[in-house]
Structures are given as structure tokens and as C-alpha cells.
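Mind looking at a prediction? Sequence and model below.
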Amino acid sequence: MGNSERKGFASSFGAIAAAAGSAIGLGNIWRFPYTVGANGGGAFLCIYILFVFLLGVPLMMGELMVGRKAQKDVLGAYKVLSPTHKGWLSLGWLSLITAFLIYSFYSVVAGWTVNYVVLSASGRFMGETPAAISQIFAEFTSHPWIPVLYMGIFVALTAIIVTKGVQKGIEKSCKVLMPVLFILMFVLCIRSVTLPGASKGIDFLFNPDFSKINGGAILSALGQALFSLSLGMGCLVTYGSYIRKQDNLLKTSVVIASADTLIAVMSGVAIFPAVFAFGLSPASGPSLVYEVLPNVFNAMAFGTVFAVFFFLLLSIAALTSTISLLEILVAWGVEELHQSRTKATILCSTGIFLLGAVCALSFGPLSHITICGLTIFDLFDKLTATYFMPIGALALAVFIGWHLTKEETFDELSNSGSLKCSYYKAWRFIVRYIAPIALFVVLVAGSLGIEF
Ligand code: TRP
């Protein structure tokens, strides 16, 4: 596909909706609460928010800028912007590998979510005790083929939409469904905080106890921030290449980061009071949301309706994220390997399905296979969020801060001088010094501090 055929987003709002659709997903509602839970609550939240706005927003602007300037997929972008220093291509490759790994474990969780729509609709959780609900979760995730089936359905659905092009279906539906997700989340928050014994959960989330913070927790906060914002692996390079030249990258990034953080905090508010009210453990890991929320729905009037609706919307939020993950790979297949969009989509999705099946089964038949004490699923999650994405973000910061010239980056951020860009000096200082140093320190300290 030549540049002339490149279809970009039609409007600023479309660009924001698509990029926010990528950012807001399982990372906010499934991953964020259990990561907060495993790292001690409030203090982790403070560090997380600091990372999102201090590092996340400037890096997001940088990623979008690289894509928009190059008008290319993630590998092509580094070819175009660094024709003589081929070393930068490895950053493109790292991005592609990371997208592949993330997508494969992400689609497993997305599959669980779809299964929860079905289970909720059939009243499977109704009247069950918290222990029984946890048991249902454990049983179906360890089933020898059901999770693979649902994962496959999800991968196929994503593929269908990506072959059709993202704008019409997804951009349109995102604009409606994201606000609905927000309203439902709000209702859940209200129900959760009014449960008896809820205050413990609110304390846990908002009362920082900094003694619980160590290198590992800081590294997790950074990994979570990058994961949630879809940063550090070229996703936003790809989307940036679809953004119109006249859109304001600062505004776009701030809106996305704020919406993303709001949804994450809201899901914390929906979950932690309920965790404590139902006597569950905040540190129970990836199963947290799936074990806790059915109890909240049980305690609500019209619980079944809310449950079905909620898991459906969560599936859709996940879908807008998997679309962005697949789009990274497909854009590369189309523009670098010169495949048709359909063929690239089918090939990538088949690969994802095979790897995803291994991840799905690592909760059941393959749970005995561990690497460094982690199951395959946990390994992919940890490897990408804790190492690959921070490394990708570090390399990106060096690329935009040191490799691209001041003129190039100013031109892109100011839309060729038409925006004032009074923040430019601060932005450049962050990407040149603060971000690389912070990312490096956190990576090294975190790697030494945690057993991995
Ligand atoms: N940010 C998404 C979420 O929070 C997940 C996601 C989509 C992602 N695209 C990505 C994560 C690219 C990392 C990189 O659910």
C-alpha cells in the first residue's frame, strides 16, 4: 500500500476515540486493580499517576509524532526517520515482538470476558457465594478447550474488523460505547462503596503507605502506566501515522491519558470496597476482577442485566484494544512485506491464535510448565510490561530526544509553526533527560530488586 492509499482518521475526535479505544481496555479494568492489589494500594496509585502524566504524556506525544512524521508502520517509521543508522530498526522489531506477545495473552483474558457475558446471561453466578464464584472461575479457566474457543472467537472478531478497516465500524461504535461503559462503571462504583464494610477498600486504594513501595512496585507502576496507555511498543506510532497534520498532539495525548486514568481509578473504586466486603484478597492476581464483580452484581437489583451489559462492554473495550494491537502487525505486513490487508490479517491472527492457545492452556493442562517460576501467561505479561515496554519506551525517548533534531520535533509538535507550543522546552527536557534517566534507573533497580 503506497502512501497515497493510506487512510487516516477522519477527524480529531475520531483520532482521540480510536487512540482512547486502544488505551482503555482490559489494562484499566482487569490489570490495574490486581496490580494495585499486589503492590499495596494507595502508594502505588500515587506513583502510577505520576508516571502517567510526567512520563506517559510526553512519550505519547513522541510516539504519535514519530508515526505522523514518517507516515509509516512501526518498522517503516524507523527506516524513514533513520535511513543511515540501521540500529534503530531493532526498536521496530522489538515493537513487533512485543505486540505479538501482548496480543496473545490479552486475547485470552478477552475470551474470559466474552465467556462471562454468556455465564452471566445464563444466571450461572446468581445466588452463589464468593467461594463458589471463585470456584467457577478456576474451573472454566483450567478447562482443556473452552478458554481456547473463546479466545479464538475473539481473535477472529478482531481480524474481521481489522480487514474491513478501522474507521467505519470501530470509530463510530467507540464514540457511543465508551461513554456507556463510563456510566455503567459509575453505577458499579456507587454500589460498591455503599456495601457494608466498603471503607476498608477505599482506604486501601487512597491511603498511601509508602513503606510498601520497593523497586519491584515502582517497576510495576511504570509497566502498568505504559501498558495502560498502549505505550512503548509502537502502537501509537502506527496510530500516529493516521492522525491528521492539523491535530494538536498535546491535547490528544492529555485527553487520552486523563480518560484512561479516570477509568482505571473508577475500576479500583468499583473493586476494592467489594474485595474487602466479601472477604477476598486484593492480591489474588489476574482472577481478581472476575471473582469480585459477580458478587457485586449479586448484591444489586437487576444484577443479571447489569452483569451482562458490563461484561459485554468490557469485551468491546478489549476489542478496541486488540484492534490496535493487530493493526501494528497488519500495517507492518502490508507496508513492509507487501501483503494484502486480508492476507496479513489472516497470517498474523493465526500466529496469535496458536500462541494464545498456549497462554490459555497455561491455566489448565499446561500449568505445570513454568519458566523462572512463572506460567507462560504470567511470563508474557511480566516480560512485556516489566521489561520490553520500558526498554521500548527508553529507546523511543532517546530516539526522539537525541536522534531527531530540535527542528524536526518542534515542527511536528507545533504543526509546522501554526501552534504556539510554549511547553516545547519542558517537553524536550523531559524526553532528553528525565524520561531516559528515570526509565533506566527504574529498569535497573527493579530488575535487581525483584526475584525474576
Ligand atoms: N492499553 C490497552 C489496555 O489498557 C492494551 C493495549 C492495546 C496495549 N494496545 C496496546 C498495550 C499496545 C500495550 C501496547 O487494555
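Looks like it came in fine.

ok, Met60 - contacts?
Residues in contact with Met60, defined by CB atoms under 8 Å, 6 or more residues apart in numbering, are Leu229, Leu231, Leu236, Ser253, Ile256, Ala257. Every residue, glycine included, has its C-beta placed from N, CA and C.

List the single closest residue to the first one in space, sequence neighbours excluded.
Closest residue to Leu229 apart from its sequence neighbours, by CB to CB, 6 or more residues apart in numbering: Gly56 at 4.9 Å.

didn't that neighbour look like it was pressed against Ala225?
Yes - proximity of Gly56 to Ala225 meets the contact threshold set by CB atoms under 8 Å, at 5.3 Å.

who has more neighbours, these two?
Between Gly56 and Ala225, counted using other CB atoms under 10 Å, the more crowded position is Ala225 (32 against 28).

Next, work out how far apart the more buried one and the ligand are.
10 Å (CB to the nearest ligand atom, to the nearest Å).

wait, doesn't that residue sit right on Leu54?
No - between Ala225 and Leu54 there is no contact under CB under 8 Å: 9.6 Å.

joint contacts of these two?
If you check Ala225 and Leu54 against CB under 8 Å, 6+ apart, no residue is contacted by both.

Ala264 should be in a helix, yeah?
Yes - applying DSSP: H, G, I helix; E, B strand; the rest coil, one finds Ala264 inside a helix.

Give me the spatial nearest neighbour of the residue in the stretch 251-400 of the chain that the ligand sits nearest to, chain neighbours excluded.
Residue nearest to the ligand within the stretch 251-400 of the chain (CB to the nearest ligand atom): Ser321, separated by 3.8 Å. Counting by CB to CB, 6+ apart, Gly25 is the residue found nearest to Ser321 once chain neighbours are left out, at 3.3 Å.

what's the neighbour count on the one residue in the chain that gets nearest to the ligand?
For the chain, the residue closest to the ligand is Gly27, as judged by CB to the nearest ligand atom, at 2.1 Å. Neighbourhood size, Gly27 [other CB under 10 Å]: 28.

That one against Ala225, yeah?
No - using CB under 8 Å, Gly27 makes no contact with Ala225, being 9.8 Å away.

in the lowest-mean-pLDDT helix or strand in the chain, what counts as buried?
Scoring the helices and strands of the chain by mean pLDDT, DSSP states H and E places helix 172-193 at the bottom, with a mean of 81. Residues 173-175, 177-178, 181, 184-185, 188-189, 191-193 are the ones in helix 172-193 that count as buried (16 or more other CB atoms under 10 Å).

need these in CSV with distance to the ligand, can you?
Listed next are the buried residues of helix 172-193 as CSV, based on distance: CB to the nearest ligand atom, whole Å:
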residue, distance to the ligand
Ser173, 17
Cys174, 13
Lys175, 18
Leu177, 15
Met178, 13
Leu181, 12
Leu184, 17
Met185, 14
Leu188, 18
Cys189, 19
Arg191, 23
Ser192, 21
Val193, 24
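
Show me which of those is closest to Phe399.
Taking CB to CB as the measure, Phe399 sits nearest to Cys174 out of these, at 29.5 Å.

Can you give the contact residues for the host helix or strand of Gly76?
Secondary-structure assignment from DSSP states H and E places Gly76 in helix 74-81. Helix 74-81 has contacts (CB under 8 Å, 6+ apart) with 66-67, 69-72, 88-89, 91-93, 95-96, 234, 237-238, 241, 328, 331-332, 335-336, 399, 403-404.

helix or strand right after it?
helix 89-121.

quick one: buried residues of that next one?
For helix 89-121, burial by neighbour count (16+ other CB under 10 Å) applies to 91-92, 94-96, 98-117, 119-120.

Once you drop chain neighbours, what's closest to the spatially most central residue of the chain?
Closest residue to the average C-alpha location of the chain: Ser228 at 3.8 Å, with CA atoms, centre = their mean. Closest residue to Ser228 apart from its sequence neighbours, by CB to CB, 6+ apart: Gly27 at 4.2 Å.

How about the contacts made by that neighbour?
Gln224, Phe227, Ser228, Ala264, Ser321.

Can you get me a residue count around the fourth one?
Same thing as Ala264. 27.

which residues does it contact?
Gly27, Asn28, Ile29, Phe32, Ser228.

Now with 7 Å, please.
Counting by CB atoms under 7 Å, 6 or more residues apart in numbering, Ala264 makes contact with Asn28, Phe32, Ser228.

Mind checking which of those land in strands?
Counting by DSSP state E, the contacts of Ala264 place none of their members in strands.

related to what we said a few turns ago, save the buried residues of helix 172-193 as TSV, and put in distance to Ala385 too.
Below are the buried residues of helix 172-193 laid out as TSV (distance: CB to CB, whole Å):
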residue	distance to Ala385
Ser173	28
Cys174	24
Lys175	29
Leu177	26
Met178	23
Leu181	23
Leu184	26
Met185	23
Leu188	25
Cys189	25
Arg191	30
Ser192	26
Val193	29
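
Next to the ligand, which bits of the chain? Give me the list.
22-23, 25-28, 102, 227-228, 230, 233, 235, 321, 324-325 (CB under 6 Å from any ligand atom).

how about those, which pair is most distant?
Based on CB to CB, the longest span within the residues of the chain next to the ligand runs between Asn28 and Met233 and measures 17.5 Å.

Those two: which is more packed in?
Per other CB under 10 Å, whichever of Asn28 and Met233 has more neighbours is Met233, with 31 against 28.

Please confirm that that one is located within a helix.
No - under three-state DSSP, Met233 sits outside any helix and is assigned coil.

ok now do it, which residues does it touch?
By CB under 7 Å, 6+ apart, the contact list for Met233 reads Ser95, Thr98, Ala99, Phe388, Met389, Gly392.

Tell me, what's the model's pLDDT at the closest residue to Ser11 other than its chain neighbours?
By the measure of CB to CB, 6+ apart, the closest residue to Ser11 outside its immediate chain neighbours is Arg244, 7.8 Å from it. Among the per-residue scores, Arg244 holds a pLDDT of 88.

and Arg244, what helix or strand is that in?
Counting by DSSP H and E, Arg244 is found in no helix or strand.

Name all residues that make contact with the residue lying closest to Ile133 once chain neighbours are set aside.
Nearest non-adjacent residue to Ile133, counting by CB to CB, 6+ apart: Pro294, 4.9 Å away. Listed by CB under 7 Å, 6+ apart, the contact partners of Pro294 are Phe125, Ile133, Ala307.
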